[in-house]
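>>> need a structure here:
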Amino acid sequence: MDVPPVACPDWQTVVEAHRLESQDAEAWLRYGIALLQTLEPGLGGIERQQQASQAFCKARQQGVSAGAVALALRSVVLQNLREAVQLVGLEDLAPRLVEQDESAGFTAATRLIGRRLLLVLGMHRSGTSALSGLLGQVGFQAPTNPDPADVKNPTGYWEPPQIRRFHDRLIEGCQSSWEDPLLPVLPWQPEQPEAALVELEEAIAADFVGCASEAVALVKDPRQCRLMPLWNQLLASRPLVAQAVLLLRHPEAVAASLWRRDELPADRALLLWLTHTLEAERHGRALPRAVLSYEGLLADPASAVSTCQRLAGLPEQPAAPELLVQWIRPELNHGCEPAEASGLAEAGELLELAVAVYGALLGPEGATAQQRCWSRLNVWCGNTCWA
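Just a heads-up that it's a prediction; the model follows:
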């Protein structure tokens, strides 16, 4: 496939225009590249190398992945190689280096780093749709063509369809489904990880086509909770900046909602709640994140919006009261009568465990309490090594 030519920036202008007080991850990455692109022999060159190292460290602090920095350094090396072979009269090699440079991430390291994501994690029927729909009205970027609303979710699901289909293919590839509580121990990881990462990257691009580089794209799909190890690989190897919000709803209410919608028995619903929640918590620790409750979202949606805006580094813009009423509707709380769930009264220790996880993750103990819950879940399930 032909690769269109890339217009290289005026790197000296980039150096001179950079503000040292900047909080922009992309700006720090560009600054580091520009410093290396404008090196001169002598002590000044050594000083610029040190400044470039500091710039890349600053970019990492602002949320740039190690993969993005690696792509940036690679682009500089290839650019220097191209210039070197031209100087020694090997011009016929230069076009090949140009193709490698452009196709392997020259523009990704400098332009696509602007792709920012907020991962909205949470079990099915936990209010992630309502939160995502609301955030899409207050500064976040919703998917270009999200899955449509239906009678089961009248305000819409707000799931990016290409990403959701990618998740479905992974899960179906190991003969499983979203409602299978054993997914964490099944071999869902792709046999060709890099090919899967490319496919996921393309899905993100397709779901947010036309999205401005500074926008924070909302990625919401409950399946993602149990596929986070692959997402972590993507974030570590691609020029993406991501934060996560984990939205928790009381497990009894989730079980009641799933019984009402799908007639899913309480024991399975609770196991699904546990695996989704614990997998999302465990594999989301590397990301800047916030933990919110659905009950808190219903009680004070404005506070939830502010938390997400601060987490993503967006200007805090209060949501109009009529907007909050439109998107956060208590009458759609389909789990408000937990006793409806089939088998909930007999759930016993499993229900106790789920409630303990819910309290632990919303309380100050955090990861320590979560590890204890993993241990109890392993014992309850016959010492299956899920953690």
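
>>> Tell me which other helices or strands the helix or strand where residue 236 lies touches.
Assessed by DSSP states H and E, residue 236 sits inside helix 228-237. With contacts defined as 3 or more CB pairs under 8 Å, 6 or more residues apart in numbering; DSSP states H and E, the packing partners of helix 228-237 are helix 66-87, helix 193-207, helix 266-283. No exception for glycine: its C-beta is placed from N, CA and C like everyone else's.

>>> what does the helix or strand following that helix rub up against?
Toward the C-terminus, helix 228-237 is succeeded by strand 241-248 as the next helix or strand (DSSP H and E). Residues outside strand 241-248 that contact it (CB atoms under 8 Å, 6 or more residues apart in numbering) are 25, 62-65, 113, 115-123, 126-128, 131, 235, 277, 280-281, 284, 287-294, 297, 307-308, 311-312, 358, 361-362.

>>> can you map out the strands along the stretch 101-250 of the chain?
Secondary structure of the stretch 101-250 of the chain by DSSP state E, counting those that start in this stretch: the strands cover 116-121, 216-220, 241-248.

>>> between the first one and strand 216-220, how many degrees?
Using axes from the mean of the first three to the mean of the last three CA atoms, to 10 degrees, the interaxial angle of strand 116-121 with respect to strand 216-220 works out to 20 degrees.

>>> Give me the sheet partners of strand 116-121 and which way each runs.
Its sheet considered, strand 116-121 pairs with strand 216-220 (parallel), strand 241-248 (parallel) by DSSP bridges.

>>> Nearest spatial neighbour of residue 280, chain-adjacent residues omitted?
Excluding the flanking residues, the one nearest residue 280 by CB to CB, 6 or more residues apart in numbering is residue 225, at 3.9 Å.

>>> Tell me, how many residues neighbour the one you found?
26 (other CB atoms under 10 Å).

>>> next one: residue 285
The number of residues near residue 285, taken as other CB under 10 Å, comes to 14.

>>> could the strands paired with strand 116-121 go into JSON lines alongside mean pLDDT?
Putting those into JSON lines (pLDDT from 0 to 100) gives the following:
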{"stretch": "strand 216-220", "mean pLDDT": "96"}
{"stretch": "strand 241-248", "mean pLDDT": "96"}
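
>>> Out of the ones you listed, which gets nearest to residue 13?
Closest approach to residue 13 among the strands paired with strand 116-121 (CB to CB): strand 241-248, 24.0 Å.

>>> before we move on, back to that, so how far is residue 247 from the residue nearest to residue 280?
10 Å (CB to CB, to the nearest Å).

>>> so what sits against both of the two?
121-122.

>>> ok, the nearest residue to residue 234 once chain neighbours are set aside - contacts?
Spatial nearest neighbour of residue 234, excluding adjacent residues (CB to CB, 6+ apart): residue 197 at 5.3 Å. Residues in contact with residue 197 (CB under 8 Å, 6+ apart) are 230, 233-234, 237-238.

>>> Then residue 136?
Here residue 136 is in contact with 142, 158, 218 (criterion: CB under 8 Å, 6+ apart).

>>> okay, these in TSV with distance to residue 40 and neighbour count next?
Converted to TSV, those look like this (distance: CB to CB, whole Å; neighbours: other CB atoms under 10 Å):
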residue	distance to residue 40	neighbour count
142	47	21
158	51	24
218	45	28
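
>>> Verify the stated contact: residue 145 with residue 163.
No. When contacts are counted by CB atoms under 8 Å, residue 145 is not listed as touching residue 163 (11.8 Å).

>>> Just give the number of residues close to the closest residue to residue 313 other than its chain neighbours.
Excluding the flanking residues, the one nearest residue 313 by CB to CB, 6+ apart is residue 23, at 7.2 Å. A count of neighbours around residue 23, defined by other CB under 10 Å, yields 11.

>>> What are the structural domain limits within this protein?
11-112, 115-334 (automatic domain parsing).

>>> that older thread, my guess is the residue nearest to residue 313 contacts residue 314, does it?
No. The pair residue 23 / residue 314 is not scored as a contact, 12.0 Å apart, by CB under 8 Å.

>>> For the nearest residue to residue 32 once chain neighbours are set aside, pull up the helix or strand it's in.
Distance criterion CB to CB, 6+ apart; nearest residue to residue 32, sequence neighbours excluded, is residue 55 at 3.5 Å. Using DSSP H and E, residue 55 falls within helix 43-61.

>>> what comes up buried for that helix?
48, 52, 55-56, 58-60 (16 or more other CB atoms under 10 Å).
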